[in-house]
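> predicted model follows, preceded by the sequence.
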Amino acid sequence: MSNKLLKTSEFGIIDIVVVLMHTVESFVEKSGAEKKQYVIDQMKILLDDTEYKQYEDIIENLIEFMIAMSKNKYHLKLNKITKCCTVL
């Protein structure tokens, strides 16, 4: 993945994380933690140290949010995001 994609994508870092998350879905031999680390490592390669530190929390939270969405913990309805409730 090149820096060109980062500079030309409409949503920048978000687009890159989405592409990387899609890529790691095919890594069946890796655990969830290893897949997450792969995405983080790729982002560290694409961004310089200062940029990565600036966006580190956003990147990690975006990864966690995408994982939660894939597990149906959140539902998107047009412009409304709702968190699924669980009875304890």
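Structure received.
> remind me, longest helix of this protein?
Longest helix in the chain by number of residues, with DSSP state H as the criterion: helix 49-70.
> in it, what's buried?
Buried residues in helix 49-70, counted by 16 or more other CB atoms under 10 Å: 52, 55, 59, 62, 63, 66. For the C-beta atoms, the positions are set from N, CA and C on the backbone; glycine is no exception.
> nearest residue to the second one other than its sequence neighbours?
Ranked by CB to CB, 6 or more residues apart in numbering and with sequence neighbours excluded, the top spatial neighbour of residue 55 is residue 13, at 5.7 Å.
> quick check, that neighbour in contact with residue 58.
Yes. Counting by CB atoms under 8 Å, residue 13 does reach residue 58; the two are 7.1 Å apart.
> quick one, helices of the protein?
3-8, 13-24, 32-46, 49-70.
> make a markdown table from these and add mean pLDDT to it.
Compiled in a markdown table, those are given as follows (pLDDT from 0 to 100):
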| stretch | mean pLDDT |
| --- | --- |
| helix 3-8 | 56 |
| helix 13-24 | 90 |
| helix 32-46 | 94 |
| helix 49-70 | 91 |
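> ok, now which ones touch the residue at minimal distance from the centre of the chain?
With distances taken as CA atoms, centre = their mean, the chain has residue 63 as the residue nearest its mean C-alpha position (3.3 Å). By CB atoms under 8 Å, 6 or more residues apart in numbering, the residues touching residue 63 are 17, 21, 36, 39, 40.
> among those residues, which one sits closest to residue 70?
Nearest to residue 70 among the contacts of residue 63 is residue 21, at 8.5 Å by CB to CB.
> so residue 32 makes contact with residue 67?
Yes. If you go by CB under 8 Å, residue 32 and residue 67 touch, sitting 7.3 Å apart.
> what's stretch 25-40 in contact with?
Under the criterion CB under 8 Å, 6+ apart, external residues in contact with stretch 25-40 comprise 17, 20, 21, 24, 59, 60, 63, 67.
> out of those, who's nearest residue 46?
The closest of these to residue 46 turns out to be residue 20 (CB to CB; 9.3 Å).
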